[in-house]
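Colleague: Here is my input; please provide its structure:
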Amino acid sequence: MDVQARILQALRPRSDGVVLRSDLSSLGSASQVSAALAELCRKGSISRIERGVYALPTKLASQGKQALLQSARKRQADARQATSTREKLKAQRITAVSRHVMALAKRVGVSYVPTFSDRWVASVTKLAGDDIASDSTDDLLVALARAGKLSPVDMTKMVIAHHRALKAHV
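Modeller: Residues are numbered from 1 along each chain as shown. All right, here's what the predicted structure looks like:
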């Protein structure tokens, strides 16, 4: 199925007959979606109401431009709210292991200070194309192990538990 057909299929279940450009981002690359939208507008299959807002011509004729724009703006606001909520929840993904590690580090007076080797490893990892990044809990666990407050085995167990908890939150 081509991008044009998928766009029309995305419009079918919508009672208001409005589709936002952001709704279509998963259907293909930006240029593919743009070309498909332009072609559908040229054919008269859809109408461009405003930048990033498209509707079925029958809905535009029956409901009017202002009503459709109001519906589209409400959906855009709801999408922004949902994104904001997801980002807040993601930022609050402090696991039980994170709390324990932060409390332990505070109690024993240990903080993470990157060494030359840490910076070198991060640079090599980045140059290799890997997007592996440690978070503050990982860094504190390394610092606790370096300070001799955790054995390497305990550190490894806690890193694994922390990452499993993070994965469960996603």
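
Colleague: so where do the helices sit in the chain?
Modeller: Counting by DSSP state H, the chain has helices at residues 3-11, 30-43, 57-63, 65-91, 96-108, 116-127, 136-146, 152-169.

Colleague: Any idea which of these gets closest to residue 18?
Modeller: Closest approach to residue 18 among the helices of the chain (C-beta to C-beta): helix 65-91, 5.0 Å. (C-beta placed from N, C-alpha, C; glycine too.)

Colleague: Any buried residues in that closest one, and which?
Modeller: Neighbour-count burial for helix 65-91, with 16 or more other C-beta atoms under 10 Å as criterion, is recorded at 68, 71-72, 75.

Colleague: Let me see the mean pLDDT of it.
Modeller: The predicted model assigns helix 65-91 a mean pLDDT of 77.

Colleague: and it, how far out from the chain's middle?
Modeller: Here helix 65-91 shows a centroid-to-chain-centroid distance of 15 Å under the convention C-alpha atoms, centre = their mean, to the nearest Å.

Colleague: picking that back up, would you mind finding the most buried of the helices of the chain?
Modeller: The highest mean neighbour count among the helices of the chain belongs to helix 136-146 (a mean of 19), with neighbours defined as mean count of other C-beta atoms under 10 Å.

Colleague: Output the helices of the chain as JSON lines; include the columns distance to residue 22.
Modeller: Putting the helices of the chain into JSON lines (distance: least, C-beta to C-beta, whole Å) gives the following:
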{"stretch": "helix 3-11", "distance to residue 22": "12"}
{"stretch": "helix 30-43", "distance to residue 22": "10"}
{"stretch": "helix 57-63", "distance to residue 22": "19"}
{"stretch": "helix 65-91", "distance to residue 22": "7"}
{"stretch": "helix 96-108", "distance to residue 22": "33"}
{"stretch": "helix 116-127", "distance to residue 22": "30"}
{"stretch": "helix 136-146", "distance to residue 22": "32"}
{"stretch": "helix 152-169", "distance to residue 22": "25"}
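
Colleague: For residue 17, find the nearest of those helices.
Modeller: With C-beta to C-beta as the criterion, residue 17 lies closest to helix 57-63 of these, at 3.0 Å.

Colleague: Check which helices and strands that closest one is in contact with.
Modeller: With contacts defined as 3 or more C-beta pairs under 8 Å, 6 or more residues apart in numbering; DSSP states H and E, helix 57-63 has these neighbours: strand 47-50.

Colleague: partners of the strand it packs on in the sheet?
Modeller: Here strand 47-50 is paired, per DSSP bridges, with strand 53-55 (antiparallel).

Colleague: can you tell which of the helices of the chain is closest to residue 50?
Modeller: helix 65-91 (6.2 Å).
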